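>>> Test case, fold it:
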Amino acid sequence: MALSPKQRLVNQIALVTGASSGIGAGVAKALAADGATVVVNYHHDEEGANKTKQEIEDLGGKAITIHADVSKEEDVQSMFKQVIDQLGTVHILINNSGLQEDAKFLDMTLDQWNKVISVNLTGQFLCAREAAREFVRRGPQPEISKATGKIICMSSVHEVIPWAGHVNYASSKGGIMLLMKSMAQELAPHKIRVNSIGPGAIKTPINNEAWETPEAAAKLLKLIPYNRIGEVSDIGDVAAWLASDEADYVTGTTIFADGGMTLYPGFADNG
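The predicted structure follows:
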């Protein structure tokens, strides 16, 4: 990925949670390529975060890394304080941190439920709240961005598609959908835009078993009308556009980047 000729995000600070690998790393690099200075958040994978930072710098971009567990209020507040102390403010939040703890519903433990909800849903609430507080405190900067601030929640096709064996994950993503819409409704008068991206099947470490063999890939492709598995760059490109002034009239919506998975391909031949 090279620096974008559009440079739509110059002079903007973007915080990407869970940016040490996968979709988060891809989004961080896409925003940096479009001119943003990127804060690479990580929890466990410091090496991965440093790799993302280095790849951004190799492109000619700017990045810093900050450790925080997004499910912990004190960590999130400390992270935002560090960002503001080091970089002055924040303009874009990509609420990306997420995980899976899969189990059949009858076997799912409370710990498995709580762990996923705490990171995937509560973590997005905590980060979005701190970002919105900073946007309101700072106020508009029309010379930098038409919107006072932009929040992008990383959701999933599973905010609308049920997923047996993954009740905690699907519930967290369904929750993100109404968290996003409710925030968008409340924050719009402040000129704060809030949207979600709903990835489908994307090649990341979290789901490599679903596509790493020809047999697994063929099975997965039956769910994707567009007949290819997504790359992290597909999500990064959507995020960069959604964070830019080109999307200034877009708020309160989920953009599904899924190759048509939400078209319910099982009904393509009349069910």
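
>>> what does the helix or strand bottoming out on mean pLDDT in the chain contact?
Across the helices and strands of the chain, mean pLDDT, DSSP states H and E gives its lowest value to helix 214-221, namely a mean of 92. With C-beta atoms under 8 Å, 6 or more residues apart in numbering as the test, helix 214-221 has contacts from 201, 209-211, 227-229. C-beta: built from backbone N, CA, C; applies to glycine.

>>> ditto for stretch 237-257
4, 6, 8-9, 12, 14, 27, 30-31, 33-34, 36, 92, 94, 145-147, 150, 152, 155, 157, 159, 177, 180-181, 184-185, 188, 193-200, 230, 234-235, 262.

>>> and stretch 76-84, which residues are buried?
Using 16 or more other C-beta atoms under 10 Å as the burial criterion, the residues of stretch 76-84 that qualify are 76, 79-80, 83-84.

>>> now stretch 170-183
By neighbour count with 16+ other C-beta under 10 Å, stretch 170-183 contains the buried residues 170-177, 179-181, 183.

>>> Adding secondary structure and pLDDT, write those out as TSV.
Formatted as TSV, those follow (DSSP: H, G, I helix; E, B strand; the rest coil; pLDDT from 0 to 100):
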residue	secondary structure	pLDDT
170	helix	98
171	helix	98
172	helix	98
173	helix	98
174	helix	98
175	helix	98
176	helix	98
177	helix	98
179	helix	98
180	helix	99
181	helix	98
183	helix	99
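
>>> List the residues that contact the closest residue in space to residue 91 that isn't next to it in sequence.
Nearest residue to residue 91, sequence neighbours excluded (C-beta to C-beta, 6 or more residues apart in numbering): residue 12, at 4.1 Å. Going by C-beta under 8 Å, 6+ apart, residue 12 touches 35-37, 91-92, 144-145, 243.

>>> Check the gap between residue 12 and residue 89 for me.
With distances taken as C-beta to C-beta, to the nearest Å, residue 12 is found 9 Å from residue 89.

>>> One more: residue 34?
18 Å.

>>> higher neighbour count, these two?
For residue 34 versus residue 89, neighbours defined as other C-beta atoms under 10 Å are more numerous around residue 34 (25 against 17).

>>> right, and that one touches residue 11 too?
No - Residue 34 lies out of contact with residue 11 (C-beta atoms under 8 Å); the separation is 11.6 Å.
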